[in-house]
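Visitor: Let's see this in three dimensions:
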Amino acid sequence: MDNANWHNLTDEEKWERLTRVEKLGEVLLKLGKLNLHQLEELIAEQGKSEAPLGELILSKGLMSRQELLGALDLQHKTDQAIIDSLTEMMPKSDD
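Guide: Okay, here's the model as predicted:
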């Protein structure tokens, strides 16, 4: 997103984009573990079977359990960084 588009967003839209947690599929795309076509197929299958994405990935042999766990760990660390940043922004209460 370029600066011109960013400035056209409301504060609420900016907040949502800054604090949005990346989904596992997005993490795997960024890491190059899946391509867009594979992810689209997995999401379609997930809609039919309601199986977790990670289970589908393992059942199809698209990556090893260790690779998947590494991606889940990265996703968790990213989520935690967002939570930590938001916590730091909150005013401290005087107890």
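Visitor: Now do the helices in this protein.
Guide: Listed from the start of the chain, the chain has helices (DSSP state H) covering 3-7, 11-19, 24-31, 36-49, 53-59, 65-89.
Visitor: From residue 72, how far out is the residue nearest to the spatial centre of the chain?
Guide: Per Cα atoms, centre = their mean, the C-alpha nearest to the average position across the chain is that of residue 22, at 1.6 Å. Distance of residue 22 to residue 72, given as Cβ to Cβ, to the nearest Å: 11 Å. Glycine gets a C-beta too; all of them are placed from N, C-alpha and C.
Visitor: Next: residue 28.
Guide: Going from residue 28 to residue 72 by Cβ to Cβ gives 10 Å.
Visitor: Same question for residue 15.
Guide: Counting by Cβ to Cβ, the separation of residue 15 from residue 72 is 26 Å.
Visitor: So which bits of stretch 36-54 are buried?
Guide: Using 16 or more other Cβ atoms under 10 Å as the burial criterion, the residues of stretch 36-54 that qualify are 38, 39, 42, 53, 54.
Visitor: Would you confirm that the third one contacts residue 25?
Guide: By that I understand residue 42. Yes: under the contact definition of Cβ atoms under 8 Å, residue 42 touches residue 25, with a separation of 7.2 Å.
Visitor: if I look at those two, which residues touch both of them?
Guide: Residues touching both residue 42 and residue 25 by Cβ atoms under 8 Å, 6 or more residues apart in numbering: 34, 53.
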